[in-house]
Structures are given as C-alpha cells and as structure tokens.
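>>> the following comprises the amino acid sequence and a computationally predicted model.
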Amino acid sequence: MGTSRQSQKKQRPQNDGRPRIWVGYGKMVRLHRDRAGLTQQELAEAVGYSCEQVASIEQGRRPAKSAFTDAAETVLKAAGTLAVLQDDVDLAKLPAFFQDFAKFELEAVSRYDFEPLLIPGLLQTEPYARALFTAHCPPLSDELIEQNVEARLGRQRLLTRTPMVETCFIIGEAALTTMVGNSEVMRGQLRHLLTLSQMRNVAIQVMPSESSFHPGHNGPMVLLETLEHRQVGYIESQDVGLVITDAATVSSFGQRYGKLRTQALNAVESARLIERMAGEL
C-alpha cells in the first residue's frame, strides 16, 4: 500500500528484538569469514563496508543489503548460501503486519491496487517514501526510516522481474495533489508515474475527485493472484494490515475493482492529467 503505514514494528523478534533471519544470516557470514581466515576489518575492506557495519551484520543488528551479499558471496566463496537467504532478510525489514501479504506478493502473477489518498508504495520515489516515513507518528528513528525506505524500494523489483507481473494502479486524484515533502519531491514523483506508465505491465489510472460515489470510498484495497492462481485480497489502515483469503470476500473485491476501472480515467487520460499537474508544480 502507499503510505507510511508500512512503518516499522518489530519483526518476529527474538527477546532482544533482532529478527531471527538476520541473526542466522550473520552467523553464516561469520562462519564463512572464519573459514576464509579473514578478520572483520579485512572482510569490510574487501566488500567496501566499514568494520562496524560488518560487525552489525554478523551480530544480526543490521540487515544485509543485496550489494553486501553479492560481494560477500564472491569474497567468501559462499557458494550461494548467503544469496539464498536474501529474500528472507529483505522480508524481515518490512513491518510485521505486512509480512504475510509480502510473501504472497513474491509469488504474484497479477496485482491490482486502489489507493485514494497517497501514491502506492510500489510507485513511490525514494524522496517521496522518505518524506512519508519522516512524517510518521509516532516518530521513527533515523535507522528505522532508512530501513523502511530501503524495504519499500526493494519491493519495487516486482515491477521489473521476470516473468512479468501484470499490475494496475488506480490512484485517487487527491494522491496527486496532497503535498508530500515539497513541490520538488511531488514533481519528481509525478514524473516518475509517467515513466512507469510506459511499462508494458503497468497500468496507471486516476480516479477524478469530482467522480460520484464509487466502491473505492470504502477504502484502499489490493487484489493479487499467485502463481497457483490463488486469489488474495489485502486491506490496510493505521499500521494494521489484513490478508483476506475467503473466496467470497475476495470475489466481492474483484467486482468492486472492476467497477472502479470503469469509473476512473483511462490510461491516456490519466497520463495527460498527471503531466499537467507536474507542470503546474
């Protein structure tokens, strides 16, 4: 979804708050480093990290980024044992309430999103996402802000992965006019929407503010189909998320989404509106 709703809660923690997968990954790095006969400082220099960063990763206090994993795989000759854990490490960066849906998202063949008030997370630029997390209430620490931004941007790989995931985003016009950050951030965000709308698997439609009552007034929603053609719904509000698998309920979501697509501007009209709004900032 597209708000600071994906703010951080402790992710399936151990008693000290460290996600188990981060701890396990860190132990694996330490094992390979010891076998390679390297100190933390030597590994840090080899992968382009600081010694403190390597120590934090080994202790499970900091999640490893893909760049670290790729470099460590080569330096430590880890034979894929670190790379195979990266998706789970990334998953644990997400807030606990979103992780169950994120697992379904990893297996999606299609994903349809309605967001009336803010730009959906999969379409957000880094400055836009950072502005949302910075404005979160209660305030997040700098570390959690960075972690949330990184996790959100990482999820956007869904738009470019192979096989392609068919996606549609219906965005309320209010999301285009709500000032997040400043005019520069918003201008960049709207231009980014125009760029993404050129992708073959991405459809972006705008629901005009002057539209009459429509099913979207009941709130945002996501519809997803998995590789096994399982239909899943998701709703989220105020840092609470709910995965919906009941067939009848998900079916009703699909009917509502179909009606929303008929009431929203088509893709060409939407692009013209977004371009005009970007030019006015």
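In hand now; what should we look at? Residues are numbered from 1 along each chain as shown.
>>> would you map the strands across the chain?
108-115, 166-172, 202-207, 221-226, 231-237, 240-244 (DSSP state E).
>>> could you tell me the angle between the shortest one and strand 231-237?
Interaxial angle, strand 240-244 versus strand 231-237 (axes from the mean of the first three to the mean of the last three Cα atoms, to 10 degrees): 160 degrees.
>>> quick one: strand 240-244 to strand 221-226, angle?
Using the same axes, to 10 degrees: strand 240-244 against strand 221-226 is 50 degrees.
>>> so for strand 240-244, mean pLDDT?
Averaged over strand 240-244, pLDDT sits at 95.
>>> now do it: which elements does it pack against?
Packed against strand 240-244 by the contact rule (3 or more Cβ pairs under 8 Å, 6 or more residues apart in numbering; DSSP states H and E) you find helix 96-105, strand 231-237. Glycine gets a C-beta too; all of them are placed from N, C-alpha and C.
>>> let me have these in JSON lines, extended by mean pLDDT and distance to H32.
Shown next, in JSON lines, are the helices and strands packed on strand 240-244 (pLDDT from 0 to 100; distance: least, Cβ to Cβ, whole Å):
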{"stretch": "helix 96-105", "mean pLDDT": "90", "distance to H32": "27"}
{"stretch": "strand 231-237", "mean pLDDT": "95", "distance to H32": "37"}
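>>> and this structure, what are its domain boundaries?
20-91, 95-280 (automatic domain parsing).
>>> columns mean neighbour count on top of the ones you listed, output as TSV?
Putting the domains of the chain into TSV (neighbours: other Cβ atoms under 10 Å) gives the following:
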stretch	mean neighbour count
domain 20-91	17
domain 95-280	17
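>>> on that earlier part again, with distance to I145 added, can I get the helices and strands packed on strand 240-244 in a markdown table?
Shown next, in a markdown table, are the helices and strands packed on strand 240-244 (distance: least, Cβ to Cβ, whole Å):
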| stretch | distance to I145 |
| --- | --- |
| helix 96-105 | 16 |
| strand 231-237 | 19 |
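>>> among these, which comes closest to A203?
helix 96-105 (17.6 Å; Cβ to Cβ).
>>> just checking, what packs against that closest one?
Using 3+ Cβ pairs under 8 Å, 6+ apart, the elements in contact with helix 96-105 are helix 86-91, strand 221-226, strand 231-237, strand 240-244.
>>> quick one: the helices in this protein?
Under the criterion DSSP state H, the chain carries helices at the ranges 20-36, 40-47, 51-58, 66-76, 86-91, 96-105, 126-134, 142-155, 173-177, 183-196, 247-263, 267-280.
>>> what about stretch 128-140, distance to the chain center?
Taking Cα atoms, centre = their mean, to the nearest Å, one finds the center of stretch 128-140 at 15 Å from the center of the full chain.
>>> stretch 176-184 too?
Stretch 176-184 has its C-alpha centroid displaced from the chain centroid by 20 Å (Cα atoms, centre = their mean).
>>> follow-up on the earlier one: quick one: closest of the helices of the chain to S212.
Closest among the helices of the chain, using Cβ to Cβ: helix 247-263, at 8.1 Å.
>>> relative to strand 231-237, how tilted is that closest one?
Using the same axes, to 10 degrees: helix 247-263 against strand 231-237 is 70 degrees.
>>> quick one: list the elements packing against helix 247-263.
In terms of contacts (3+ Cβ pairs under 8 Å, 6+ apart), helix 247-263 is packed against strand 108-115, strand 166-172, strand 202-207, strand 221-226, strand 231-237.
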